[in-house]
Structure formats: structure tokens, C-alpha cells
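# What shape does this take:
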Amino acid sequence: MMFSIVIPTFKRNELLRKCLNSLSMQSYKDFEVVIVNDNPFEILSIDESDYSFKVIVVNNGINKGPSASRNIGVKNSNGSWIVFLDDDDEFTHDKLQIISEIVQDEVDVIYHRAKINLVNENKSYITSNNFHNLTFNDSLYHELLTKNVVGGAPLCTVKKSVFTEVGGFDINLHAMEDYEFAIRLAKNKFNFRFIEDVLITCNYISSKSSVSKHIDNNLTALKSIESKYINDYNLLSKKKLLEHKAWCCSSIGYKQALMLNRVSSLSYIKAFIYSRSVKFLIASAVVLISPKLLLKIR
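Down below sits the predicted model:
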């Protein structure tokens with residue numbers, strides 16, 4: 001069984017090389033890497049002889065963004081299972097080995113936990129795992145409508161046939177496309193398997209702008225998701241709808257904090273109003289003192 005690791009990249013060649021070097025440490029060797037260069041002003045070439053695995057490079061003629069780039073990567077892949085990786089992140093050396101041992105015909109999508117490394121704050125934390133209480137049918141779908149309980153694309157491994165069947169990532173979203181992708185997979189009742197293991201380190205750099213941290217992109221994406229699944233949102237209980245609104249506000253607040261923007265305080269206040277959770281009130285006060293302090297004590 002071969003995995004295809006899809007890596008979109010944009011003007012980060014040094015980080016990409018480091019990422020590729022880290023993949024040489026994988027204990028499971030049956031994989032290829034598909035790199036999609038989204039910088040139309042520079043042709044990216046990789047000397048495959050530098051690595052022990054096959055490397056496919058696709059150069060986009062125009063800038064297409066991460067969603068379309070990942071879709072292009074999957075289209076150019078040869079593996080039966082797709083693994084996503086960002087060029088500034090790093091798999092644990094045994095990630096593919098662990099996943100290969102649990103892949104079964106009845107499993108369609110695999111997610112796991114992650115170590116989030118806040119580079120500038122010299123702080124890291126492990127993502128929480130809310131999966132053990134969920135059954136993988138309507139309850140998972142409705143829980144995902146409420147909030148993202150699975151994580152981003154680099155935490156996801158999916159059957160190529162399943163990815164193709166649901167149409168890949170929504171190229172109209174410029175943020176939270178991985179969240180919407182998970183919602184769609186659950187709505188279509190594909191079988192999820194969640195792993196407690198931490199199989200990736202994701203590096204976050206505060207104050208550094210990116211498409212995914214752009215607040216307008218996130219607000220637009222959330223509105224688009226709510227509109228796309230409006231009939232199902234209307235079926236949620238009032239409690240779940242308020243929980244969803246609070247999660248949306250806190251997600252925006254966290255990304256504003258990553259940009260070291262004190263306006264994050266207002267987002268956490270809104271989250272408190274929806275949820276009445278004191279933790280959001282505390283976050284609002286802390287971020288007014290220092291966004292960096294909030295990141296450090298998160």
C-alpha cells in the first residue's frame with residue numbers, strides 16, 4: 001500500500017527542503033511526495049536523487065491557493081491513500097507506519113492529534129481529543145457543524161477514492177477549507193477513525209500573515225459554511241447553535257491573537273456572551289494585557 005503525501009508550497013523553499021529532509025526519516029518507506037508550487041513566478045525543481053522516495057513537482061501557472069493546490073496534488077498522485085502536509089510542519093518518524101497498521105477497507109478517513117508549536121513564544125501544546133464520545137454517523141456530523149473537533153488538513157489521511165468522490169476541497173474557500181471538508185465527509189457518512197497518537201508538529205508563527213489567518217477570509221468562510229448547510233443548522237438545538245456561535249468567535253479571536261492584535265478581546269467577549277463560559281472572559285482580559293501572554297498560557 002502506497003501513500004501519497006501532498007504538500008502545497010508558496011515562496012518557502014528553505015522550509016520545503018527541511019520538510020522533505022524530515023520525511024526521509026519515515027520508518028514506513030512506501031510513499032511518494034507530490035509538491036504543488038503555487039508561486040507562478042518561480043519554477044520549482046527538486047533533484048529526486050537527494051531523497052529515498054519519489055518526488056513529483058507540479059508548478060501552478062497562476063496562483064490558485066491552498067485548496068486548489070491540494071486538489072491538484074491529489075490529481076497528480078499515484079497512492080491509494082492521501083496524506084496532507086504543510087511545508088512548515090513535520091511528521092513524527094512513525095506516522096505512516098502507525099497509519100498503515102490501522103488502515104482497513106471499512107475505514108475511509110483517519111485523523112490524529114497534533115503538537116502545536118508556537119515558535120516565537122517558545123511554547124507548545126497538544127491538541128485536545130473530543131472524539132471518544134462520538135459515534136461516526138449523524139452525531140459526528142452534528143458535532144462538526146457545532147465546532148471543528150477533528151483539526152486541519154495536515155492531521156488528515158483519506159482514501160483517494162473518497163477524496164475524489166466528494167470533490168476534494170472547496171476552492172471557493174480561502175480559509176477553513178479543511179473544516180468544511182471534514183463536515184462534508186461526515187455528512188456523506190464516510191467512516192472516520194481517530195488516533196490518540198500525536199503524529200505531527202505544526203509550527204505557528206505569530207504576527208506572520210497568511211491566507212488561513214486572514215480574518216476576512218475566515219469570516220467569509222464561516223458564513224459560506226453556515227449557508228451551505230443551513231437546513232442542518234436549522235435542526236440543531238438552541239444550545240448547540242449558541243455553542244457554534246461561541247466557537248466561531250473564539251476561533252476568530254485566536255487567529256487575531258496569533259496576529260498579536262488586541263481586537264481579539266472583542267471576539268472573546270462575543271464568545272462569552274454566547275456561551276457564558278468564564279474561560280472566554282479570562283481570555284478577553286488577558287489578550288488586552290498582551291496577545292503573546294494569551295498564547296503562552298493557552
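
# So E143 lies in a strand, does it not?
No - counting by DSSP: H, G, I helix; E, B strand; the rest coil, E143 falls outside a strand, being helix.

# Now do it, the pLDDT please.
The model reports E143 with a pLDDT of 92.

# same check, this time on the one 3 residues further on
pLDDT recorded at T146 is 96.

# Next, work out how far apart it and P291 are.
26 Å (CB to CB, to the nearest Å). In short, each C-beta sits where N, CA and C put it, glycine included.

# Those two: who's more crowded?
Using other CB atoms under 10 Å as the criterion, T146 and P291 rank with P291 on top: 25 against 20.

# Am I right that that one is in contact with N261?
Yes - taking CB atoms under 8 Å as the definition, P291 is a contact partner of N261 at 6.6 Å.

# Now do the helix ranked longest in the chain, average pLDDT.
Scanning the chain for the longest helix, with DSSP state H as the assignment, gives helix 238-258. Per-region confidence: helix 238-258 scores 97 on mean pLDDT.

# Centre of the chain to that helix, how far?
Put simply, helix 238-258 sits 17 Å off its chain's centre (CA atoms, centre = their mean, to the nearest Å).

# Just want the angle from the next helix or strand after that helix to helix 238-258.
For helix 238-258, the following helix or strand on the C-terminal side (DSSP states H and E) is helix 264-275. Taking axes from the mean of the first three to the mean of the last three CA atoms, to 10 degrees, one finds helix 264-275 and helix 238-258 inclined to each other by 170 degrees.

# elements contacting the helix or strand following helix 264-275?
On the C-terminal side of helix 264-275, the closest following helix or strand by DSSP H and E is helix 278-289. Packing partners of helix 278-289 (3 or more CB pairs under 8 Å, 6 or more residues apart in numbering; DSSP states H and E): helix 238-258, helix 264-275, helix 291-297.

# Give me the residues contacting helix 278-289.
With contact meaning CB atoms under 8 Å, 6 or more residues apart in numbering, helix 278-289 is reached by 246, 249-250, 253, 257, 262, 264-266, 268-269, 271-272, 293-294, 297.

# and of those residues, the nearest to C202?
A257 (16.2 Å; CB to CB).

# now the strands: where do they sit in this structure?
Under the criterion DSSP state E, the chain carries strands at the ranges 3-9, 31-37, 54-59, 81-84, 90-91, 109-118, 123-126, 156-159, 192-204.

# Could you export the ones you listed to a markdown table, including columns for mean pLDDT, distance to I225 and mean neighbour count?
A markdown table is the format used below for the strands of the chain (pLDDT from 0 to 100; distance: least, CB to CB, whole Å; neighbours: other CB atoms under 10 Å):
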| stretch | mean pLDDT | distance to I225 | mean neighbour count |
| --- | --- | --- | --- |
| strand 3-9 | 98 | 21 | 25 |
| strand 31-37 | 98 | 24 | 22 |
| strand 54-59 | 97 | 28 | 16 |
| strand 81-84 | 98 | 19 | 25 |
| strand 90-91 | 98 | 28 | 20 |
| strand 109-118 | 95 | 18 | 20 |
| strand 123-126 | 94 | 26 | 13 |
| strand 156-159 | 97 | 17 | 23 |
| strand 192-204 | 94 | 19 | 18 |
